[in-house]
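Novice: Show me how the following folds:
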Amino acid sequence: MTTFPPRRILAPGLLALAATACAGVPSDAGFSEISQKVEARTGAAPVWARTETARAEAAAAAEQILASRVGMDEAVALAFLTSPRLQAELEELGIARADLVTAILPPNPVIELSRPAQGNTLKLGVSASLLDIIFWPQRARIGQAGMRAAQANAAASLADAAAEVRAAYIDHIAARQALDLYQQAESAGKAAQLAAEAMFEAGNIARVDLDRQRQFAAQMTAERMSAEAEVLPTREHLIATLGLSAEQAEKLQLISRLPVPAEAHISANRLIAAATSESLQVEAAEAGVRQVAASRGVRNVEALLGEVEFGASFERDGSWSDESYSLGLSLPVDLGISGRQRVASEMRQAMGGLAQAKLDSLADIRSALHQVESARALALFHRDVSLPVSANVFDGVVRDFNAMQIGMFELLEARRDRVDAGRDYLEATADYWRARAELERHVRVSDYEMAGMTHGESHPPAESDPAEPEAGEMKHEGHDH
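Specialist: Residues are numbered from 1 along each chain as shown. As a prediction, the model looks like this:
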């Protein structure tokens with residue numbers, strides 16, 4: 001067996017140092033810290049299922065959520081357990097960890113053995129990139145910056161995913177609620193049409209009044225059909241966003257109505273200050289800048305020198321002898337100008353992206369906050385004013401119609417206004433929750449609602465529901481037009 005002199009063997013201390021450095025890299029790529037940060041922001045703890053055991057545990061947790069009615073917060077928790085897209089995105093952490101381990105380890109040498117067709121001469125060549133050796137510590141720092149960037153991007157992606165889940169959830173519940181509203185309106189319209197036909201046969205109303213009632217019933221049927229067309233697409237989008245299998249989708253039970261908007265005002269100044277300083281999206285952009293900055297020095301040298309290779313060769317013919325050493329480098333024709341310009345442009349690009357991320361974040365926060373407050377005020381106005389007033393007006397119109405003081409046109413107009421008031425309340429409520437979901441990309445809104453006020457997934461008060469008139473409200477005798 002051939003043996004080599006100790007000076008030609010990699011120093012054991014070097015390998016021990018590399019092993020120690022690799023051991024310092026967390027096996028979960030820092031996911032536990034990310035999970036805590038995202039849970040504080042979204043109310044749900046994300047899961048990175050990297051093993052069969054972890055995947056089985058995630059599936060069991062998902063089944064537990066699906067066993068009960070799923071609200072918005074539960075939907076976010078479910079997506080963190082079941083979404084293949086999120087699991088795929090989290091693998092960027094594993095890739096960044098592998099890159100970091102590679103950067104921490106010594107550069108890979110190239111070993112070449114050759115032997116001529118005749119004779120016993122054996123040649124051994126060993127070469128390695130001199131720049132990789134020189135910049136070994138710096139490359140480790142670059143790998144660490146890449147890891148931190150991957151962690152920041154993962155946290156921002158999870159916060160964005162939570163907002164997307166909430167938006168998909170809101171769209172589907174709003175679609176179901178709109179369908180319920182127009183189903184009630186259609187049912188009442190058909191019943192009123194039957195009553196109107198009976199009154200026409202008895203000679204109590206004119207043909208034009210019967211036609212108006214038929215037109216209203218047809219409009220409600222068309223509205224119901226339009227609302228019905230939205231239910232399936234929004235459900236499919238929600239299921240895909242959650243990442244549910246067909247079997248899991250069958251078990252999904254949702255609330256029937258959107259929660260009432262919060263009564264509490266939001267402390268705008270506190271929320272904006274916290275959201276701008278703690279924005280995960282801005283944090284990801286900052287980490288990207290640090291990653292580019294960490295590699296700038298190394299890449300500038302590489303642009304100037306190209307490849308620098310150190311090599312050693314040994315020849316054996318009975319014993320190792322004839323040692324020789326070499327140093328080779330490639331000089332770029334443009335003397336590295338284009339490479340350095342590229343590095344400078346990438347740095348300016350990263351800085352510009354960071355500046356824009358801060359502007360976008362602030363604009364998004366302010367815009368979403370304004371939309372939340374505006375939609376909240378409008379929804380509560382519809383609930384407390386528009387709906388009760390429309391109900392009172394309709395009741396009064398029905399009494400006047402039965403007393404033969406007004407005609408069919410006024411009754412149909414009041415009924416249409418009643419349906420419109422219910423639709424307006426629903427749309428404002430959905431807009432509130434959509435804007436709130438957008439705002440929660442940046443901050444946990446409930447932390448900044450005024451003390452003493454809370455919100456929950458309760459149903460609106462009975463008086464806020466757009467009650468549809470019964471057919472009996474039109475039954476009377478002697479009203480002839």
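
Novice: Strands along the protein, start to end?
Specialist: 110-114, 122-129, 308-316, 320-329 (DSSP state E).

Novice: Which strands border the longest one, and is each parallel or antiparallel?
Specialist: According to DSSP bridges, strand 320-329 forms sheet pairs with strand 308-316 (antiparallel).

Novice: Now do the partner strand against strand 110-114, angle only.
Specialist: 30 degrees (axes from the mean of the first three to the mean of the last three CA atoms, to 10 degrees).

Novice: What mean pLDDT does strand 308-316 get?
Specialist: Taken as a whole, strand 308-316 carries a mean pLDDT of 75.

Novice: do stretch 203-213 as well
Specialist: Across stretch 203-213, pLDDT averages out at 88.

Novice: Would you mark the buried spots in it?
Specialist: Neighbour-count burial for stretch 203-213, counted by 16 or more other CB atoms under 10 Å, picks out 204, 205, 209, 210, 212, 213. (Each C-beta comes from the backbone N, C-alpha and C, glycine too.)

Novice: With stretch 354-374 instead?
Specialist: Neighbour counts over stretch 354-374 (16+ other CB under 10 Å) mark 354, 357-358, 361-362, 364-366, 368-369, 371-373 as buried.

Novice: who touches it?
Specialist: Outside stretch 354-374, the residues that touch it by CB atoms under 8 Å, 6 or more residues apart in numbering are 265-266, 268, 271-272, 275-276, 279, 281-282, 284-286, 288-289, 431-432, 435-436, 438-439, 441-443, 445.

Novice: Type out the ChimeraX command that picks the buried ones from those residues.
Specialist: Selection of buried members from the contacts of stretch 354-374 for ChimeraX, criterion 16+ other CB under 10 Å:
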select :266,271,272,275,276,279,281,282,284,285,286,288,289,431,432,435,436,438,439,441,442,443,445
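
Novice: now, which of the contacts of stretch 354-374 lie within helices?
Specialist: The subset of these located in helices under the criterion DSSP state H comprises 268, 271-272, 275-276, 281-282, 284-286, 288-289, 431-432, 435-436, 438-439.

Novice: Any idea how many residues pack against the closest residue to residue 85 other than its chain neighbours?
Specialist: Nearest non-adjacent residue to residue 85, counting by CB to CB, 6 or more residues apart in numbering: residue 243, 6.5 Å away. Per other CB atoms under 10 Å, the neighbour tally for residue 243 reads 20.

Novice: again with the one 10 residues further on
Specialist: Here the neighbour count serves as a burial measure; for residue 253 (other CB under 10 Å) it reads 10.

Novice: now swap in residue 150 and tell me
Specialist: Residue 150 has 25 nearby residues by other CB under 10 Å.

Novice: swap in residue 67?
Specialist: Around residue 67 there are 10 residues (other CB under 10 Å).

Novice: do the same with residue 228
Specialist: With other CB under 10 Å as criterion, residue 228 counts 15.

Novice: gap between it and residue 415?
Specialist: 21 Å (CB to CB, to the nearest Å).
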